[in-house]
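A.B. asks: Here is my input, please return the structure:
(one chain, ligands or ions: 2)
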Amino acid sequence: MLLNWYHGLALAELFTSSSALLRFSCSQLVTERLDPLVNPGVVGSPHLHQIIGGNTFNATMDPKTLSIPDAATCTTCTFAEDFSNYWTAVLFFRARNGTYHRVPQKGNVYFEESNGGMTIYYIPGYRNSKVTAFKPGFRMITGDPTIRTREEASKYRQLTYTCLQDPMTRTGETLDMPKKPCPAGIMANLRFPTCWDGVNLDSADHSSHVSYPVGGTFENGAPCPSTHPVPIPQLFYEIVWDTTRFNNLAEWPTDGSQPFVWSYGDAYGFGNHGDYVFGWKGNALQKAMDTNCNGDRCNGLTYQAIKTGNACTKKPTVNEDLSSWLPELPGGMPVTDSKGNVIM
Ligand SMILES: *[C@@H]1O[C@H](CO)[C@@H](O)[C@H](O)[C@H]1NC(C)=O
Ligand SMILES: *[C@@H]1O[C@H](CO)[C@@H](O)[C@H](O)[C@H]1NC(C)=O
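C.D. replies: Numbering: from 1, shown residues only. Ligands and ions are numbered 1, 2, ... in the order given. Model prediction:
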């Protein structure tokens, strides 16, 4: 099920293949405990996030009153029309003495000068498919931070990790965190569902208005279910966690387990999840999907340099130490197992 199309497909081929897709860099906007989707209005959400995209990101972002592309003044993405926000949890290293250190992020292949952040893909499909771009007010979440088992994680497709042997490694994706040190870091991969109910911009759980295809995968062109008949682009995040300074096995747990823990208290990795709030200007994304744009350049869209994206940042509204060795995860988030027991 995991991405057979991707295995063995060199990155260069991905760019030049007849199926066009957007692949572009978005630098870090801010890292803080806010979550306008799950905890709107709350300053100090339960767990820490790293956020990229437009600078209207804040605790509220009420879709009834906020027009993101009108209110934003900058974006960390290299498409200047994209003021969307994309966010995930943050990875920490847990030392033998029980303290936690934030794992830095770094720019992906070809986007090395990016100040952390993520690589974002919008993929219309691999068979010249027509897709409907997201609409203003659209938001969604994929994955579930409460999941701690492989069985539960399997209900989501393609929320994975790549143990980078070098920056180009694109094989061997796993549902749980790599068990051995990864020489070039750990890449988290998140692919969102690709079928929409065509009506709701959001839903109570932020995910039931979207669905996976039926009888196959997005990659092999399977159709959308009748409940969610509208094909939407596959939104795909790649995040490179620079774990290399934590690769000394002498500092790893004595019981042989791996030392990385997500900010939502997951030491296995099965709760991998990502959030999205659409914020493209006008019909820029629809045009890009319709005109087979490829990579990070597109006729009709404005490219801005990575260093311009690096300069778009926000001051955190939640002020707390995120750079020292910390006695606990930010917000005091406990590390839990599948039964909810606190294990660290
Ligand atoms: C978020 O930004 C909007 C304007 O974009 C503003 O009206 C609102 O008060 C802000 N909320 C917070 C919690 O800062
Ligand atoms: C805990 O371990 C880390 C990593 O070895 C070290 O840098 C830090 O100083 C230690 N902290 C305490 C309080 O011993």
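A.B. asks: For the rest of this, base every contact and every neighbour count on C-alpha atoms.
C.D. replies: Will do.
A.B. asks: Torsion angles phi and psi at T317?
C.D. replies: Comment: the main-chain dihedrals of T317 come out as phi -90, psi -20, following degrees, to the nearest 10.
A.B. asks: Please name the residues that touch it.
C.D. replies: By Cα atoms under 8 Å, 6 or more residues apart in numbering, the contact list for T317 reads E32, V43.
A.B. asks: Run through the protein and note the low-pLDDT ranges.
C.D. replies: Low-confidence segments of the chain, defined by pLDDT under 70, are located at 1-19.
A.B. asks: Geometric centre of it: which residue is closest?
C.D. replies: A centroid search over the chain (Cα atoms, centre = their mean) returns Y237, at 4.1 Å, as the residue closest to the centre.
A.B. asks: any idea which helix or strand carries it?
C.D. replies: strand 234-241 (DSSP states H and E).
A.B. asks: list the contacts for the residue nearest to G107 when sequence neighbours are not counted?
C.D. replies: Counting by Cα to Cα, 6 or more residues apart in numbering, the nearest residue to G107 once its immediate chain neighbours are dropped is S114, at 4.8 Å. S114 makes contact with S25, C26, S27, K106, G107, N108, I306, K307, G309, N310 under the criterion Cα under 8 Å, 6+ apart.
A.B. asks: Distance check, the residue nearest to the centre of the chain against T291.
C.D. replies: From Y237 over to T291 the distance is 22 Å, taken as Cα to Cα, to the nearest Å.
A.B. asks: E251 too?
C.D. replies: When E251 is compared with T291 (using Cα to Cα), they lie 51 Å apart.
A.B. asks: wait, isn't the residue nearest to the centre of the chain in contact with Y121?
C.D. replies: Yes. Y237 sits in contact with Y121 when judged by Cα atoms under 8 Å, with a separation of 6.5 Å.
A.B. asks: Can you tell me how far the residue in the stretch 201-344 of the chain positioned nearest to ligand 1 is from N115?
C.D. replies: The shortest separation between the stretch 201-344 of the chain and ligand 1 is 8.1 Å, found at T317 (distances taken as Cα to the nearest ligand atom). When Cα to Cα is the yardstick, T317 and N115 sit 20 Å from each other.
A.B. asks: ditto for K180
C.D. replies: Per Cα to Cα, K180 is found 26 Å from N115.
A.B. asks: Tell me which of the two has more neighbours.
C.D. replies: The residue with the greater number of neighbours, taking K180 and N115 and applying other Cα atoms under 10 Å, is N115; the counts read 21 against 14.
A.B. asks: Nearest spatial neighbour of that one, chain-adjacent residues omitted?
C.D. replies: Beyond its immediate neighbours in the sequence, the residue positioned closest to N115 (Cα to Cα, 6+ apart) is S27, lying 5.1 Å away.
A.B. asks: Quick one: name the residues of the chain near ligand 2.
C.D. replies: A95, N97, T99 (Cα under 6 Å from any ligand atom).
A.B. asks: Show me how to select, in ChimeraX, the buried members of these.
C.D. replies: Taking 16 or more other Cα atoms under 10 Å as the burial criterion, the selection of buried members of these in ChimeraX is written as:
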select :95
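A.B. asks: Quick one: the residues of the chain next to ligand 2 as a markdown table, columns for secondary structure too.
C.D. replies: A markdown table is the format used below for these (DSSP: H, G, I helix; E, B strand; the rest coil):
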| residue | secondary structure |
| --- | --- |
| A95 | coil |
| N97 | coil |
| T99 | coil |
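A.B. asks: Going by distance to T149, which of the residues of the chain next to ligand 2 wins?
C.D. replies: When those are compared for distance to T149, the smallest value, 23.5 Å, is given by A95; criterion: Cα to Cα.
A.B. asks: List the residues that contact N319.
C.D. replies: Residues near N319 by Cα under 8 Å, 6+ apart: none.
A.B. asks: Look up how far R33 lies from it.
C.D. replies: Relative to R33, N319 is positioned 9 Å away (criterion: Cα to Cα).
A.B. asks: Mutual contacts of the two, please.
C.D. replies: Contact criterion Cα under 8 Å, 6+ apart; no residue bridges N319 and R33 by contacting each.
A.B. asks: Kindly report the residues of this structure close to ligand 1.
C.D. replies: If contact is defined as Cα under 6 Å from any ligand atom, the residues of the chain in contact with ligand 1 are G41, T56, N58, A59, T60, M61.
A.B. asks: The nearest residue to the fifth one once chain neighbours are set aside - how many residues pack around it?
C.D. replies: The spatial neighbour of T60 that comes closest, neighbours along the chain excluded (Cα to Cα, 6+ apart), is G41 at 4.6 Å. With neighbours defined by other Cα under 10 Å, the count for G41 comes to 16.
A.B. asks: Surely G41 is in contact with F57?
C.D. replies: No. G41 sits out of contact with F57 when judged by Cα under 8 Å, with a separation of 11.7 Å.
A.B. asks: circling back to that earlier point, return the list of strands paired to the strand holding Y237, each annotated with direction.
C.D. replies: Strands adjacent to strand 234-241 in the sheet, as given by DSSP bridges, are strand 105-106 (antiparallel), strand 118-123 (antiparallel), strand 186-191 (antiparallel).
A.B. asks: Wait, a helix at E112?
C.D. replies: No. The assignment for E112 is coil, going by three-state DSSP, so no helix is present there.
A.B. asks: need the contact list for it.
C.D. replies: Going by Cα under 8 Å, 6+ apart, E112 touches K106.
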